[in-house]
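Participant: quick one, structure for this:
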Amino acid sequence: MNKKYNSFESALDKKISAKDIGKFYEFRYLLDSPEIVRGNYSKEITDTTAILKAGFSREEMEYIK
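Facilitator: Predicted coordinates:
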C-alpha cells in the first residue's frame, strides 16, 4: 500500500524553497510516535532503486520531474 503523508513542519528553518519541489529526501518515523514523520532535508535521495523501494512508482518519479 502506498501511503501519502503531509508534513506539518515548517521548512523555513530548513532552507527549503520552491526549487526543492520534485526532489526526494530521507524521511523517518519517530520510534515512540510512528504517526509522526520527520524529513531530513540535508539528505537528498537520488538513487532510483531506493526511491522505488520507498514505494514511489516510475510514473510518479516522471511526473515529479
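
Participant: so the residue of the chain most remote from its centre: helix, strand or coil?
Facilitator: What lies farthest from the middle of the chain is Asp32; by CA atoms, centre = their mean that is 20.1 Å. Here Asp32 is recorded as coil under DSSP: H, G, I helix; E, B strand; the rest coil.

Participant: quick one: contacts for Phe27?
Facilitator: Tyr5, Val37, Arg38, Gly39, Asn40 (CB atoms under 8 Å, 6 or more residues apart in numbering). From N, CA and C alone the C-beta is placed, and that goes for glycine too.

Participant: for the most centrally placed residue in the chain, give its distance to Asn40.
Facilitator: In the chain, the C-alpha nearest the mean C-alpha coordinate belongs to Tyr25, at 4.4 Å (CA atoms, centre = their mean). For Tyr25, the distance to Asn40 equals 6 Å [CB to CB, to the nearest Å].

Participant: output the longest strand belonging to the protein.
Facilitator: strand 37-45 (DSSP state E).

Participant: can you name the element that comes right after it?
Facilitator: helix 48-53 (DSSP states H and E).

Participant: what helices or strands is the helix or strand of the chain with the lowest mean pLDDT leaning on?
Facilitator: Using mean pLDDT, DSSP states H and E, the weakest-scoring helix or strand in the chain turns out to be helix 58-64, at a mean of 83. Packing partners of helix 58-64 (3 or more CB pairs under 8 Å, 6 or more residues apart in numbering; DSSP states H and E): helix 48-53.

Participant: look at Lys43 and say how many residues are nearby.
Facilitator: Using other CB atoms under 10 Å, Lys43 has 10 neighbouring residues.

Participant: so it sits right up against Tyr25, yeah?
Facilitator: Yes: the pair Lys43 / Tyr25 is scored as a contact, 6.2 Å apart, by CB atoms under 8 Å.

Participant: ok, so of the contacts of Phe27, who is nearest Ser57?
Facilitator: Tyr5 (16.5 Å; CB to CB).
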